[in-house]
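K.L.:
my questions concern the predicted model and sequence given below.
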Amino acid sequence: MLKLVDPANGNTPSLARYADDPRFTALVGELHSEARQVLPNVRGCVWMINSTATGGGVAEMLPGLIMLLRELGLRVNWAVIGSERPEFFALTKRIHNLLHGETSAGIALGPDDSRLLENVGQANAEGLLPHLGPDDILVVHDPQPVCLGKDLARRRGLRAIWRCHVGLDERNAATQAVWRFLRPHLDGYAAAAFSAPEYIPSFLAGRASVLHPGIDPLSHKSRDLTVSKMVGILVNAGIQTAHEPVPTPDFPVPVRRFVADGKLVTPGEIGLLFRPIVLQVSRWDRLKGWRPLLEAFVRLKARVRAGGASALSPRNQRRLELARLVLAGPDPAGVADDPEGAEVFRELCDAYQGLSPADREDVALLLLPMDSRKRNALIVNALQRCATVVVQNSLREGFGLTVTEAMWKRHAVLGTHAVGIRTQLRDRIDGLLTRDANNPEEIAANIEALLTAPRARYDMGGHAYRRVHERFLVFAQLSHYLSLFSRTLGIASGTGLAE
Ligand code: UDP
């Protein structure tokens, strides 16, 4: 049943620490002044409500968000709903997949499903009720607890906001069915927030706003690394040969590389510090566009080996000859809830084994250890920093934090027109957008364009960094929440958004 969770995990830097960094001083100052305006109107507590305390992006993001909102002066709590009934989570998983447009498990949702969602919502609402005050605001994350918000808004007149983290930028039978199903359960909500405008169903248009995810610039994934720290991480992770001793010990579980004879080995030297590196880091998911990216790189290499694609200067010819493709993702053995990941990785391995020996030299398929979140994050950070071009060739993308992470590291990113990516990355300003993520020729041309234009890459990398600084850091997210609270309170006093 419902549990109250303590968000303090000791990992969130204080706002004062961000403010000490000159890059963030002004942003933190603005947040404090926004908070001063909002605070007098927020008389109750804010409740973040979701369905799991660990695992998944929402659970990962909430503790930091809550701690920072508390520092801004709000009283914020975290409650996690539960149910003894396994069919409830089977239903909410189906709802989740339908919101992504997935029709394979059928699209039928009926009155029994509605009753189940309502019963679990009401039972959890009962658990929360003794803790609630009349002025509290509920922020309900994703579909699982949606009926809890509806119930408490109706029975107690509480203000409820629905924060939906999933969506699809087109309508199909699945999304139509699931929105028809969810609509009555969203009746009592004062406002809703989505990660992109394309995800907002028309019936919520008047009440919905866009709230982008953001990255924490002091996290292990995104914090600055000195050159020696970066090299130390690569050496400790087994992806760089040490020519000199490094001060830090080797990681307990190294990165592993898939090689031609079908084995997984500790990679050693793969040229990360010396060669132009084209990198994609993602989950092993078909929608991340791995296969067309691999195919594109192989075609580019074939052209270069045949004497150069176009009129290349000797220096650019050399750059392309030396370039390597690094495809990195989580070790599927360490990701319990992702059986598809292992299958997708296996398919890539099969494709890799079909390459010529020269191409196999130039492509590294890497499995990143999952035994420690911190070490995994540091490896991703170091890999992204030593890449020359970071690619995110997604066919679909909800937002694409890997893009944000690479842009923050001043990379001109090669993305696609997937909605989450084009929200962040402006074509030819912060990087390049491939129109058709399934077209290896177009991807190859874009990789070549970026690898052979260091000056343009540098300029675009600078724009990319500024764009993330302005819009996609955790501060922008906090500011969105503050304005969401004040708008929600505005609705209550009759001055806010119309239904
Ligand atoms: N990631 C990671 N280790 C990996 C692969 C990915 O930490 O081996 C991280 C990546 O850095 C990013 C997140 O997983 O922070 C993926 O988020 P994104 O929004 O790009 O895609 P999603 O996986 O949510 O579809």
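P.N.:
Thanks, I have the structure now.
K.L.:
now the residue nearest to the spatial centre of the chain: how far from Gln384?
P.N.:
The centroid of the chain falls nearest to Leu401 when counting by Cα atoms, centre = their mean (3.5 Å). In this view, Leu401 and Gln384 are 11 Å apart by Cβ to Cβ, to the nearest Å. C-beta coordinates here come from the backbone N, C-alpha and C atoms, glycine included.
K.L.:
Leu99 touches Val178, doesn't it?
P.N.:
Yes - assessed by Cβ atoms under 8 Å, Leu99 is found in contact with Val178 at 5.6 Å.
K.L.:
His243: neighbouring residues, count only.
P.N.:
By the criterion of other Cβ atoms under 10 Å, His243 has 8 neighbours.
K.L.:
now do the residue nearest to the centre of the chain, the pLDDT please.
P.N.:
On pLDDT, Leu401 comes in at 93.
K.L.:
now for it: which residues touch it?
P.N.:
213, 215 (Cβ atoms under 8 Å, 6 or more residues apart in numbering).
K.L.:
can you rerun that using 10 Å?
P.N.:
57, 213-215, 221-222, 282, 392, 420, 424, 472 (Cβ atoms under 10 Å, 6 or more residues apart in numbering).
K.L.:
now Arg286
P.N.:
Contacts of Arg286 (Cβ under 10 Å, 6+ apart): 340, 343-344, 347, 395-396.
K.L.:
pull the distance from the helix or strand hosting Phe485 to the chain's centre.
P.N.:
Phe485 belongs to helix 474-492 when elements are defined using DSSP states H and E. With Cα atoms, centre = their mean, to the nearest Å as the basis, helix 474-492 stands 21 Å off its chain's centre.
K.L.:
distance check, the closest residue to His220 other than its chain neighbours against the ligand.
P.N.:
Counting by Cβ to Cβ, 6 or more residues apart in numbering, Ala377 is the residue found nearest to His220 once chain neighbours are left out, at 3.8 Å. Distance, Ala377 to the ligand, by Cβ to the nearest ligand atom, to the nearest Å: 6 Å.
K.L.:
what about Gly110, how many residues close to it?
P.N.:
With other Cβ under 10 Å as criterion, Gly110 counts 8.
K.L.:
ok, it touching Arg94?
P.N.:
No - Gly110 lies out of contact with Arg94 (Cβ atoms under 10 Å); the separation is 11.8 Å.
K.L.:
now do the contacts for the residue of the stretch 101-250 of the chain found nearest the ligand.
P.N.:
Distances between the stretch 101-250 of the chain and the ligand by Cβ to the nearest ligand atom are smallest at Lys221, namely 5.7 Å. Neighbouring residues of Lys221 by Cβ under 10 Å, 6+ apart: 215, 373-374, 376-381, 384, 401-402, 405, 408.
K.L.:
helix or strand: which one has it?
P.N.:
Per DSSP H and E, there is no helix or strand for Lys221.
K.L.:
just the pLDDT at it, thanks.
P.N.:
pLDDT, Lys221: 95.
K.L.:
how much space between it and Ala8?
P.N.:
Separation of Lys221 from Ala8 (Cβ to Cβ): 20 Å.
K.L.:
over to Ala476?
P.N.:
Ala476 is 23 Å from Ala8, by Cβ to Cβ.
K.L.:
more neighbours: which of these two?
P.N.:
Just comparing Ala476 and Ala8: by other Cβ under 10 Å the higher neighbour count belongs to Ala476, 19 against 11.
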